[in-house]
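Engineer: Task: produce atomic coordinates for the following.
(one chain, ligands or ions: 2)
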Amino acid sequence: MSQFVTIQVGQCGNQIGSAFWPLALHEYGIQTTTDSVNLLKVQRNHLKHIDELSNAFPSFFHVPNSTDKFYFQDVADLNAAKIKARAVLIDMEDSVVSRFKQSPLRQLFDQTCFVTNYPGSGNNWAIGYHVHGSEYYDRLENSIRRVVEKCDRLHGFLLMHSLGGGTGSGLGTATLKLLKDNYPHVERIVSSVYPANTQDTVTAPYNTLLATQELLEHATCVLPVENKALLDICNAQMTKRNNMNQINYNVSCRPFQDMNSIIVNMLLHLTSGSRFPGSLNMDMNEVATNLVPYPKLHYIFSSISPVTLSAPNMCTTQETKLQDELFTNAWSRNNQLIKLDPLQSASVILAAAHIARGNTTLTDIKRNIERFQNKSKFTSWSKDCMKIGLCSIPPAGHSSSLLCLLNSSAISALFKDIIREFSTLYKKKAHVHHYTQVNGFEETHFLESKENILSLCECYSEIRNIEETNISRLQVI
Ligand SMILES: Nc1nc2c(ncn2[C@@H]2O[C@H](COP(=O)(O)OP(=O)(O)OP(=O)(O)O)[C@@H](O)[C@H]2O)c(=O)[nH]1
Ligand SMILES: [Mg+2]
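Structural biologist: Ligands and ions are numbered 1, 2, ... in the order given. So this is what the prediction gives:
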């Protein structure tokens with residue numbers, strides 16, 4: 001089974017990480033809470049799939065003395081066996097990362113995998129990328145190398161960060177470049193949280209533009225996420241629950257925790273085919289080969305169904321959903337992790353993949369793929385090809401689930417938004433001096449990034465126009 005190293009950068013990246021590790025352990029049937037409902041469910045799940053879980057466990061965790069018997073049931077077992085997460089935790093302030101050091105999972109993280117400083121990158125991409133990127137290059141290189149050396153089947157890096165601030169966007173993309181330079185053949189899958197239009201950081205448009213340019217150059221695949229979309233998904237989930245659950249939820253709610261667990265479930269689902277067996281397993285390297293037709297056109301829409309929230313009481317076992325309903329929900333724009341519709345009529349699908357987990361059958365998939373092909377517009381080369389994956393192990397708490405991945409020209413709306421927000425600020429040269437006073441940053445970098453993103457938008461519209469011309473010609477004949 002493949003192995004993955006997660007790299008968490010900045011506040012957001014590390015908060016996503018703090019949702020990631022308990023849920024990843026949960027998937028292997030390992031208990032991290034004292035909640036009795038969850039305990040029962042996890043243990044049942046654990047017993048049913050013990051062999052598969054045992055084989056798949058080293059995907060995210062280093063087991064020093066490999067044992068034949070998979071005996072881990074809770075954190076104490078992990079500590080006794082000196083299990084370590086394959087992770088590097090980076091932040092230029094230490095408040096979020098230090099929460100890891102105090103959490104019940106603290107012994108999962110080796111001291112050498114923490115790279116922190118004080119007091120952050122001041123919401124400035126240039127400080128994250130140029131100042132911290134140079135100063136911490138050697139430490140990052142060493143920390144990553146140490147984790148990599150403990151892998152014998154390293155398949156990919158999973159980088160988690162946001163683009164609105166300075167550390168996740170600046171140092172995050174500097175780290176991505178480091179990964180590309182040092183490990184060019186290992187996939188770099190990035191989950192990037194894009195800021196909402198009503199931004200909490202005035203310089204977010206600059207940081208987002210500059211980071212996006214780096215993501216285009218150095219990532220294998222980017223799975224963009226918007227907090228607005230996550231919040232809407234969480235709210236929709238809440239209105240479906242009864243009042244008592246709603247009250248419990250409101251009391252215990254930590255909004256980012258639920259929003260982040262949606263991202264985590266997407267990442268766990270994405271990697272499931274490389275970790276668990278299945279009758280038609282989709283490996284991670286197949287994701288990039290199938291979904292990225294040209295190197296820079298690697299932004300992928302993702303949606304999952306059913307949605308899982310992590311708050312106590314909320315992650316109860318669901319009855320088997322009707323399979324067709326799983327697919328319909330995954331195609332809905334309401335389930336997309338960004339606030340765009342990949343299937344809108346003016347767009348064209350460049351590539352698509354559906355990864356099912358649990359008791360979905362090939363017949364279910366085939367029937368639904370046909371529905372999908374009839375409702376969507378494709379390029380000439382993607383019309384008849386649909387990558388499908390079937391992984392037999394469902395996520396914790398569900399009997400089946402579906403991840404839909406789409407490379408759609410509709411993504412250009414995200415890029416146009418980035419340029420619009422940037423131009424509003426840049427027209428008045430507001431806040432520019434914070435960037436130009438950073439050693440290594442040139443003002444031309446803003447305009448070059450803008451040009452590159454614009455030319456990406458042109459690529460998407462060219463593909464869409466060619467397809468439209470083809471379609472109308474066909475109609476005339
Ligand atoms: N989904 C999600 N978004 C977050 C989280 N924390 C922060 N954000 C978003 O991330 C952006 C701010 O970036 P941060 O991650 O706080 O910044 P940073 O990378 O630590 O950079 P600096 O603090 O500027 O050094 C804003 O758009 C926030 O809404 C989180 O836990 N989850
Ligand atoms: Mg920060």
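Engineer: hang on, isn't residue 89 packed against residue 97?
Structural biologist: Yes: counting by Cβ atoms under 8 Å, residue 89 does reach residue 97; the two are 5.2 Å apart. To be clear about C-beta, it is placed using only N, CA and C from the backbone, and glycine gets the same treatment.
Engineer: any shared contact partners between these two?
Structural biologist: Common contact partners of residue 89 and residue 97 (Cβ atoms under 8 Å, 6 or more residues apart in numbering): 14, 114, 116.
Engineer: Just give the number of residues close to the first one.
Structural biologist: Neighbouring residues of residue 14 were enumerated by other Cβ atoms under 10 Å; the total is 25.
Engineer: Next one: it from ligand 1, what distance?
Structural biologist: Residue 14 sits 8 Å away from ligand 1, going by Cβ to the nearest ligand atom, to the nearest Å.
Engineer: Show the average pLDDT along stretch 237-252.
Structural biologist: Averaging pLDDT along stretch 237-252 yields 58.
Engineer: Kindly report the same for stretch 148-165.
Structural biologist: On average, the pLDDT along stretch 148-165 is 95.
Engineer: Okay, buried residues for it please.
Structural biologist: Buried residues in stretch 148-165, counted by 16 or more other Cβ atoms under 10 Å: 148, 150-151, 154-165.
Engineer: neighbour count winner among residue 89 and residue 97?
Structural biologist: residue 89 (25 against 22).
Engineer: Which strand residues bridge that one?
Structural biologist: residue 8, residue 114 (DSSP bridges).
Engineer: who's in contact with residue 134?
Structural biologist: Listed by Cβ under 8 Å, 6+ apart, the contact set of residue 134 reads residue 440.
Engineer: Now for the residue lying closest to residue 219 once chain neighbours are set aside, how many residues are close by?
Structural biologist: The shortest distance from residue 219 to any non-neighbouring residue, by Cβ to Cβ, 6 or more residues apart in numbering, is to residue 190 (4.6 Å). When neighbours are defined as other Cβ under 10 Å, residue 190 has 26 of them.
Engineer: do residue 139 as well
Structural biologist: Neighbour count for residue 139, taken as other Cβ under 10 Å: 14.
Engineer: Contacts only, for it.
Structural biologist: residue 115.
Engineer: can you tell me which helix or strand it belongs to?
Structural biologist: Secondary structure assigned from DSSP states H and E places residue 139 in helix 137-149.
Engineer: Secondary structure of residue 265: a helix, I assume?
Structural biologist: Yes: with DSSP: H, G, I helix; E, B strand; the rest coil as the criterion, residue 265 is part of a helix.
Engineer: Can you verify my assumption that it contacts residue 305?
Structural biologist: No: contact criterion Cβ under 8 Å: residue 265 and residue 305 do not qualify, at 10.6 Å.
Engineer: the more surrounded of the two?
Structural biologist: For residue 265 versus residue 305, neighbours defined as other Cβ under 10 Å are more numerous around residue 265 (25 against 20).
Engineer: wait, what's in contact with the residue of the stretch 201-350 of the chain found nearest ligand 1?
Structural biologist: Nearest residue of the stretch 201-350 of the chain to ligand 1 (Cβ to the nearest ligand atom) works out as residue 256 at 3.8 Å. Residue 256 makes contact with residue 15 under the criterion Cβ under 8 Å, 6+ apart.
Engineer: Spatially central residue for the protein, please.
Structural biologist: When the chain is reduced to its mean C-alpha position, the nearest residue by Cα atoms, centre = their mean turns out to be residue 191, at 3.5 Å.
Engineer: Direction included, what does the helix or strand in which it is found pair up with?
Structural biologist: Taking DSSP H and E as the criterion, residue 191 maps to strand 187-194. Strand pairing for strand 187-194, determined by DSSP bridges: strand 154-162 (parallel), strand 221-226 (parallel).
Engineer: near ligand 1 at all, that strand?
Structural biologist: Yes: looking at strand 187-194 against ligand 1 by Cβ under 6 Å from any ligand atom, the contacts come from residue 193.
Engineer: Not counting that strand itself, show me its contacts.
Structural biologist: Residues outside strand 187-194 that contact it (Cβ under 8 Å, 6+ apart) are 12, 16, 155-164, 168, 176, 179-180, 208, 211, 215, 218-227, 263, 266-267, 270, 284-285, 287-288, 338, 414.
Engineer: and the next helix or strand after that strand, how far from the chain's centre?
Structural biologist: Using DSSP H and E, the next helix or strand after strand 187-194 towards the C-terminus is helix 204-218. Put simply, helix 204-218 sits 17 Å off its chain's centre (Cα atoms, centre = their mean, to the nearest Å).
Engineer: Show the average pLDDT along helix 204-218.
Structural biologist: Averaging pLDDT along helix 204-218 gives 97.
Engineer: who in the stretch 51-200 of the chain is up against ligand 2?
Structural biologist: Residues of the stretch 51-200 of the chain that fall close to ligand 2, judged by Cβ under 5 Å from the ion: residue 120.
Engineer: go again using 8 Å as the cut-off
Structural biologist: Those residues of the stretch 51-200 of the chain that sit near ligand 2, judged by Cβ under 8 Å from the ion, are 91, 92, 93, 96, 120, 121, 165, 166, 167, 168.
Engineer: of these, the lowest pLDDT goes to which?
Structural biologist: Among these, residue 120 has the lowest pLDDT, at 85.
Engineer: now that residue: how far from residue 140?
Structural biologist: Distance, residue 120 to residue 140, using Cβ to Cβ, to the nearest Å: 16 Å.
Engineer: before we move on, what about residue 83?
Structural biologist: Relative to residue 140, residue 83 is positioned 24 Å away (Cβ to Cβ).
Engineer: immediately after the helix or strand that contains residue 258, which helix or strand?
Structural biologist: Assigned by DSSP H and E, residue 258 belongs to helix 255-275. The helix or strand immediately downstream of helix 255-275 is helix 284-291, counting by DSSP H and E.
Engineer: Would you mind pulling up the elements that the helix or strand following that following helix packs against?
Structural biologist: Next along the chain after helix 284-291, taking DSSP H and E as the criterion, comes strand 301-305. The helices and strands touching strand 301-305, judged by 3 or more Cβ pairs under 8 Å, 6 or more residues apart in numbering; DSSP states H and E, are helix 255-275, helix 323-331, strand 400-408.
Engineer: which outside residues touch strand 301-305?
Structural biologist: Counting by Cβ under 8 Å, 6+ apart, 223, 262, 265-266, 269-270, 321, 326-327, 329-332, 335-338, 340, 342, 401-408, 410-411 sit against strand 301-305.
Engineer: No further questions, thank you.
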